[in-house]
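Asker: curious how this folds, go ahead:
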Amino acid sequence: MLIMESTKTKSIDLENAPMRIVEALHYLIKEGNYRTQEEIAKEIGCTASNLSGIKKGREGVLTENLLMRFAQTFRSTINKDWVLFGDGDMIIKSADDIQRASTVVNQAWANNSPNAMV
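Answerer: Numbers count the residues shown, from 1 in each chain. The predicted model follows:
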């Protein structure tokens, strides 16, 4: 999927995304926001076995849709550019970063599904 941001087009980096998701999962649990992988899975609307499959490197488990749901769900903590494209730092640092995260994820959803609402 391509996402328009300003005047440039970016492709979601699905190839390296599993490593980023694993890092984010560890962070979310370590920081005490969530106690288990199951809690995180429920929050993003997938199963714990999906997250386990991503951690184990199983192909086809992490889809663009799941990656975008992860980015949307944790947009106030985890940098959406980092989740989707591997750009920047993992952790959100300012209110401007949060606003940008919301805007780009909403654009990604709109491009993926014409009826999507975030």
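Asker: strands along the chain, start to end?
Answerer: Secondary structure of the chain, counting by DSSP state E: strands at 2-5, 8-11.
Asker: elements contacting the last one?
Answerer: For strand 8-11, the helices and strands in contact under the criterion 3 or more CB pairs under 8 Å, 6 or more residues apart in numbering; DSSP states H and E are strand 2-5, helix 80-85. Backbone N, C-alpha and C define where each C-beta goes, glycine included.
Asker: same thing but at 7 Å, please
Answerer: For strand 8-11, the packing partners by 3 or more CB pairs under 7 Å, 6 or more residues apart in numbering; DSSP states H and E come out as strand 2-5.
Asker: pLDDT of the longest helix along the chain, averaged?
Answerer: Longest helix in the chain by number of residues, with DSSP state H as the criterion: helix 95-112. Helix 95-112 shows a mean pLDDT of 72 in the predicted model.
Asker: chain center to it, what's the gap?
Answerer: 11 Å (CA atoms, centre = their mean, to the nearest Å).
Asker: mean pLDDT for the strands of the chain: which is lowest?
Answerer: Of all the strands of the chain, strand 2-5 carries the lowest average pLDDT, namely a mean of 51.
Asker: so what's the residue nearest the centre of the chain up against?
Answerer: In the chain, the centroid-proximal residue (CA atoms, centre = their mean) is residue 71; its distance is 2.7 Å. Residue 71 makes contact with 80, 83-84, 105, according to CB atoms under 7 Å, 6 or more residues apart in numbering.
Asker: what do you get if the cut-off is 8 Å, keeping everything else the same?
Answerer: For residue 71, the contacting residues are 78, 80, 83-84, 101, 105, 108, taking CB atoms under 8 Å, 6 or more residues apart in numbering as the criterion.
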